[in-house]
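K.L.:
predicted coordinates and the sequence they were generated for:
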Amino acid sequence: MRPMDDVWNDISSLPSPATTTHFQNFFAPALRPPSPATISFHPPPSPTTMLTLLTTTHSDHQDPNKRLKPNPPPPPPPPPSIFTAPTASPPEYTEKFRRLMKNRESAARSRARKQARADELEHEVMRLAKENAKLKRLQKEVKIIIFYYF
Amino acid sequence: MTRRERDPLVVGRVIGDVLDSFTKSINLTISYNDREVSNGCTLKPSQVVNQPRVDIGGDDLRAFHTLVMVDPDAPSPSDPNLREYLHWLVTDIPATTGARFGQEVVCYESPRPSMGIHRMVFVLFRQLGRQTVYAPGWRQNFNTRDFAELYNLGSPVAAVYYNCQRESGSGGRRR
């Protein structure tokens, strides 16, 4: 594995934001075989290596390693222009849009939680009903056997 | 019209966020204080402070299994930049027995979510044989898929998850 210095040199020589999507390959968690036994809490490779972008709008299929967290400072305001209305800037970057998307995602998670729980309970009920029926049948058979022998 | 998906693991996005689709082939029973965990049930941090009882099925004592417990929603489900946070890792569990018969590679850490409602996922893999598994350097940003590939564990054989939020949580509702 290449020394971290080499990796950092590569990164700093790259042109900036357009190529951010390449970065995450360097920071995939390394499951190396160091000290076995109990685990010690080393900090992960510098949190600043988790690159920042706005939370994106979707999708369950996004690779979590590519998922980037919002900057501590809010995204830079759009460059000043003669069109000063907030809607003039790319809609994805407005606070309002971000909040909207976050709320949507939260609502979707909430619905998913509810539905998953309902599905699980349905499965449980079916399973228990089957088991119950089977046990009742067995019980009948046991009663018949006892009746026959006494 | 497509049949609605009914597998709680898919609906709850465990399959997707943590695992790929798999076929369950062995029983996995997780119980905290005699209360069995079923998919999507909710447990409070106070109920999951200590490691649960884990019983696995199967029929061959020579078949060894690995149990992984992760939180894919750390530190917050709306921004899970620590996904997945490794809470527990036990290997060499013989079929028909439980976690206490295995090798604890990463000790159980009690879930203490501070933001949002987290899924706490248990995944069971069948090992090819007894094997040495090294603890990762840290718990955050663990990747169950990569881990399984690294140790040739194949697809999961069972999985179950519950929801957990901070003790005084309001279920996501504004108070």
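P.N.:
Yep, it's here. Residues are numbered from 1 along each chain as shown, chains lettered A, B, ... in the order given.

K.L.:
so is the lengthiest helix in chain A next to chain B?
P.N.:
Criterion DSSP state H: the longest helix present in chain A is helix A:95-149. Yes - with CB under 8 Å from any CB of the partner chain as the criterion, chain B is reached by helix A:95-149 at A:102, A:105-106, A:109-110, A:112-113, A:115-117, A:119-124. Heads up, the C-betas are built off the backbone N, CA and C, glycines and all.

K.L.:
and that helix, what does it pack against?
P.N.:
If you count contacts as 3 or more CB pairs under 8 Å, 6 or more residues apart in numbering or on different chains; DSSP states H and E, helix A:95-149 packs onto helix B:8-11.

K.L.:
could you list the residues in contact with the helix it packs on?
P.N.:
A:112, A:115-117, A:119-120, A:123, B:5, B:15-16, B:19, B:21, B:39-40, B:159, B:161 (CB atoms under 8 Å, 6 or more residues apart in numbering or on different chains).

K.L.:
now for the residues of helix A:95-149 next to chain B, which sits with the most neighbours around it?
P.N.:
Within the residues of helix A:95-149 next to chain B, residue A:116 tops the neighbour count with 25 neighbours, counted by other CB atoms under 10 Å in any protein chain shown.

K.L.:
show me where chain B has strands.
P.N.:
Counting by DSSP state E, the segments of chain B that form strands are B:28-32, B:35-36, B:41-42, B:53-56, B:64-71, B:85-94, B:103-106, B:118-126, B:156-164.

K.L.:
to chain A, which of the ones you listed lies closest?
P.N.:
strand B:103-106 (5.2 Å; CB to the nearest CB).

K.L.:
residues touching the closest residue to residue B:65 other than its chain neighbours, list them.
P.N.:
Nearest non-adjacent residue to residue B:65, counting by CB to CB, 6 or more residues apart in numbering or on different chains: residue B:93, 4.5 Å away. For residue B:93, the contacting residues are B:54, B:56, B:64, B:65, B:66, B:67, B:99, B:101, B:102, by CB under 8 Å, 6+ apart.

K.L.:
what sits opposite the spatially most central residue of chain B in the beta ladder?
P.N.:
Nearest to the geometric centre of chain B sits residue B:122, at 1.6 Å (CA atoms, centre = their mean). Note on residue B:122: beta-bridge partners residue B:69, residue B:160, judged by DSSP bridges.

K.L.:
pLDDT weak spots in the chain?
P.N.:
You didn't pick a chain, so chain A it is. For chain A, applying pLDDT under 70 flags the ranges A:1-91.

K.L.:
meant chain B, my bad for not saying
P.N.:
If you take pLDDT under 70 as the line, chain B has these spans: B:1-3, B:172-175.

K.L.:
mind checking the longest helix of it?
P.N.:
Chain B, longest helix under DSSP H: helix B:144-150.

K.L.:
same for it, what does it pack against?
P.N.:
If contacts are counted by 3+ CB pairs under 8 Å, 6+ apart, helix B:144-150 sits against strand B:64-71.

K.L.:
the strand it packs on vs strand B:118-126, what angle?
P.N.:
For strand B:64-71 against strand B:118-126, the angle by axes from the mean of the first three to the mean of the last three CA atoms, to 10 degrees is 170 degrees.

K.L.:
okay, the angle between strand B:64-71 and strand B:28-32?
P.N.:
Put simply, strand B:64-71 runs at 50 degrees to strand B:28-32, going by the same axes, to 10 degrees.

K.L.:
tell me what angle strand B:64-71 forms with strand B:85-94.
P.N.:
Using the same axes, to 10 degrees: strand B:64-71 against strand B:85-94 is 170 degrees.

K.L.:
count the neighbours of residue B:128 for me.
P.N.:
Neighbourhood size, residue B:128 [other CB under 10 Å]: 11.

K.L.:
my guess is it meets residue B:91, correct?
P.N.:
No - at 12.0 Å, residue B:128 does not count as touching residue B:91 under the criterion of CB atoms under 8 Å.

K.L.:
ok, now which ones touch residue B:18?
P.N.:
Residue B:18 makes contact with B:70, B:72, B:84, B:121, B:123, B:144, B:145, according to CB under 8 Å, 6+ apart.

K.L.:
phi, psi of it?
P.N.:
phi -120, psi -40 (degrees, to the nearest 10).

K.L.:
what residues are up against the residue lying closest to it once chain neighbours are set aside?
P.N.:
Using CB to CB, 6+ apart and skipping the chain neighbours, the partner closest in space to residue B:18 is residue B:72 (5.0 Å). By CB under 8 Å, 6+ apart, the contact list for residue B:72 reads A:64, B:14, B:17, B:18, B:80, B:83, B:84, B:118, B:119, B:121.

K.L.:
any idea how far residue B:168 is from chain A?
P.N.:
From residue B:168 across to chain A, the span is 19 Å (CB to the nearest CB, to the nearest Å).

K.L.:
and residue B:75, by the same measure?
P.N.:
10 Å.

K.L.:
equivalent analysis for residue B:7, please.
P.N.:
7 Å.
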